[in-house]
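S.K.: Curious how this folds, go ahead:
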Amino acid sequence: MSDHHQIVIVGGGTAGITVASRLRNADPSLDIAIVEPSDKHYYQPLWTLVGGGMFEPEESGRDEASLIPYGVAWIKDYVETFSPNANRITTRNGDDITYDYLVVAPGIQVNWDQVKGLKESVGKDGVCSNYSIDTVGSTWEFIRNLKAGVALFTQPAGAVKCGGAPQKICYLAEDHFRRSGVRDKIDVIFTLAGPRLFAVDRYRETLEKVAQRKGVEPRFRHNLVEIRSGSKEAVYSQMDTGEEIVIKYDMIHVTPPMSAPDFVSRSELAGEGGWVDVDKHTLQHTRFANVFALGDASSLPTSKTGAAIRKQAPVLVSNLRSLMQQQPLAASYDGYTSCPVVTGYDSLVLAEFDYSGQPAETFPFDQAKERFSMFLLKKFGLPALYWHGMLQGRV
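M.R.: Numbers count the residues shown, from 1 in each chain. Down below sits the predicted model:
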């Protein structure tokens with residue numbers, strides 16, 4: 001079967017729905033199709049709080065059908081291949097879909113199998129992860145039930161969804177242990193492949209003090225390579241020496257390695273690292289002028305967050321419409337991203353910065369300080385903004 005649409009959007013997640021809504025709001029006559037296989041759409045930033053016991057997993061989801069903008073066609077299938085020279089994509093069902101313009105926004109791929117033993121053990125025997133709707137419930141179960149021993153938290157090499165997220169669940173767990181009266185019987189260790197807790201110094205300095213105050217031991221340049229669930233051992237490669245390091249645990253929260261989706265990284269659209277190769281300011285593809293990308297699968301050199309997409313989407317929509325009208329691409333994205341780093345059940349550091357690593361803060365106070373107000377924003381304000389503002393193309 002062959003099908004043609006003026007604009008085809010690959011991905012019905014945060015980026016795809018936001019762009020579709022903004023395009024429809026700007027011009028209801030546009031012929032737009034979204035290619036997305038999933039029945040459910042999840043507000044994934046809530047999964048940190050699900051792992052911390054504040055929400056049930058299902059509270060983070062909505063039916064995908066309820067979010068597809070009115071008048072936009074939904075092609076419920078996976079993309080198998082891109083043929084940008086022919087302005088065509090082919091789906092897993094073998095259907096060809098052609099387009100005048102393409103927006104690529106399929107999100108990031110979570111590679112469970114890149115840590116030996118993880119896929120088989122996650123959700124069991126103290127091994128948990130916030131990075132899937134199927135496993136996030138086990139995080140709270142294991143945190144809640146740990147009374148003594150070693151609580152281990154990991155962050156892999158390479159890009160992950162929201163660079164600060166792996167340490168958020170660590171701080172929440174530590175706070176829970178303290179409030180439950182078992183903190184003095186538990187060693188809390190945060191291992192990360194990188195050399196520092198956060199990329200931007202202004203916020204890094206605060207988070208280093210948070211870890212110190214909480215007695216969380218950071219171990220840098222540790223990259224998890226294997227889980228031995230039978231003996232409760234985490235096996236690491238030391239990034240500088242390559243030596244094998246084994247840490248015993250009683251519970252471990254794993255942030256799996258992530259990458260561009262395979263169907264993206266093996267395509268002609270991919271550039272360095274497998275990401276969709278776009279101009280970092282215009283979001284237009286570097287080689288195919290009628291292709292744009294945003295969000296986690298793009299090559300944009302900023303943290304992969306929903307907040308970044310909120311600033312990328314208006315730029316992409318403006319430039320795509322300019323291209324359609326044969327006008328210059330005047331809108332520019334400055335790399336803005338945000339990472340609300342939860343540091344406990346009543347505190348949060350709202351990190352906001354741009355490509356240069358300079359703070360790009362929203363509020364007229366010092367956002368490098370832990371605040372209860374910002375925690376409330378994360379828990380209640382941002383989900384409402386997401387469902388009722390961003391996905392409707394309003395903010």
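S.K.: ok, residue 68 touching residue 13?
M.R.: No: if you go by C-beta atoms under 8 Å, residue 68 and residue 13 don't touch, sitting 12.0 Å apart. To be clear about C-beta, it is placed using only N, CA and C from the backbone, and glycine gets the same treatment.
S.K.: Compare those two and say which is more crowded by neighbours.
M.R.: More crowded of residue 68 and residue 13, by other C-beta atoms under 10 Å: residue 13, with 25 against 21.
S.K.: so where's the stretch 151-300 of the chain shaky on pLDDT?
M.R.: Scanning the stretch 151-300 of the chain for pLDDT under 70 picks out nothing.
S.K.: can you give me the helices for it?
M.R.: 165-179, 201-214, 262-265 (DSSP state H, counting those that start in this stretch).
S.K.: tell me which residues in the last one are buried?
M.R.: If I follow you right, that is helix 262-265. For helix 262-265, a neighbour-count test (16 or more other C-beta atoms under 10 Å) marks 263, 264, 265 as buried.
S.K.: Nearest residue to the last one in space, please, no chain neighbours.
M.R.: By the measure of C-beta to C-beta, 6 or more residues apart in numbering, the closest residue to residue 265 outside its immediate chain neighbours is residue 274, 2.9 Å from it.
S.K.: Over to residue 260?
M.R.: Using C-beta to C-beta, 6+ apart, the closest residue to residue 260 is residue 274 (4.1 Å).
S.K.: so the one you found touches residue 258, yeah?
M.R.: No: using C-beta under 8 Å, residue 274 is not in contact with residue 258; the gap is 11.0 Å.
S.K.: returning to what we had before: Throw the helices of the stretch 151-300 of the chain into CSV and include distance to residue 333, thanks.
M.R.: As requested, the helices of the stretch 151-300 of the chain are exported to CSV (distance: least, C-beta to C-beta, whole Å):
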stretch, distance to residue 333
helix 165-179, 22
helix 201-214, 21
helix 262-265, 20
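S.K.: so which of the ones you listed is the most packed in?
M.R.: helix 165-179 (a mean of 23; mean count of other C-beta atoms under 10 Å).
S.K.: Direction-wise, compare it with helix 201-214 and give the angle.
M.R.: 30 degrees (axes from the mean of the first three to the mean of the last three C-alpha atoms, to 10 degrees).
S.K.: which secondary structure elements does helix 165-179 contact?
M.R.: helix 47-51, helix 136-145, strand 149-155, strand 186-192, helix 201-214, strand 251-253, strand 337-344 (3 or more C-beta pairs under 8 Å, 6 or more residues apart in numbering; DSSP states H and E).
S.K.: Which one of these lies nearest to residue 310?
M.R.: strand 337-344 (8.4 Å; C-beta to C-beta).
S.K.: Pull the residues that contact the closest one.
M.R.: Residues outside strand 337-344 that contact it (C-beta atoms under 8 Å, 6 or more residues apart in numbering): 45, 48-49, 52, 162-165, 167-168, 171-172, 174-175, 198, 203, 207, 210, 302-303, 305, 307-308, 311, 348-354, 370, 374-375, 377-378, 382.
S.K.: re the thing from before, among the helices of the stretch 151-300 of the chain, which comes closest to residue 60?
M.R.: Residue 60 lies closest to helix 165-179 among the helices of the stretch 151-300 of the chain, at 13.9 Å (C-beta to C-beta).
S.K.: all strands for the stretch 201-350 of the chain, in order.
M.R.: 217-219, 222-228, 233-238, 244-248, 251-253, 258-259, 291-293, 337-344, 347-353 (DSSP state E, counting those that start in this stretch).
S.K.: Which strands border the first one, and is each parallel or antiparallel?
M.R.: Put plainly, it is strand 217-219. strand 186-192 (parallel) (DSSP bridges).
S.K.: What sits closest to residue 320 if chain neighbours are left out?
M.R.: That would be residue 292: by C-beta to C-beta, 6+ apart, it lies 5.7 Å from residue 320.
S.K.: ok, that neighbour - contacts?
M.R.: 101, 102, 103, 104, 278, 283, 284, 285, 316, 319, 320 are the contacts of residue 292 under C-beta under 8 Å, 6+ apart.
S.K.: Any chance of JSON lines for those, columns distance to residue 26 and neighbour count?
M.R.: Shown next, in JSON lines, are those (distance: C-beta to C-beta, whole Å; neighbours: other C-beta atoms under 10 Å):
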{"residue": "101", "distance to residue 26": "14", "neighbour count": "21"}
{"residue": "102", "distance to residue 26": "18", "neighbour count": "25"}
{"residue": "103", "distance to residue 26": "14", "neighbour count": "27"}
{"residue": "104", "distance to residue 26": "20", "neighbour count": "30"}
{"residue": "278", "distance to residue 26": "21", "neighbour count": "27"}
{"residue": "283", "distance to residue 26": "16", "neighbour count": "29"}
{"residue": "284", "distance to residue 26": "18", "neighbour count": "20"}
{"residue": "285", "distance to residue 26": "21", "neighbour count": "23"}
{"residue": "316", "distance to residue 26": "12", "neighbour count": "29"}
{"residue": "319", "distance to residue 26": "12", "neighbour count": "23"}
{"residue": "320", "distance to residue 26": "10", "neighbour count": "27"}
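S.K.: now these as TSV including distance to residue 116?
M.R.: Shown next, in TSV, are those (distance: C-beta to C-beta, whole Å):
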residue	distance to residue 116
101	42
102	37
103	36
104	31
278	34
283	37
284	40
285	36
316	39
319	43
320	43
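S.K.: Looking at these, which is nearest residue 118?
M.R.: Out of those, the member with the shortest distance to residue 118 (by C-beta to C-beta) is residue 104, at 28.1 Å.
S.K.: What pLDDT does the model give the closest one?
M.R.: As predicted, residue 104 sits at a pLDDT of 99.
S.K.: and what of residue 95?
M.R.: On the pLDDT scale, residue 95 is placed at 97.
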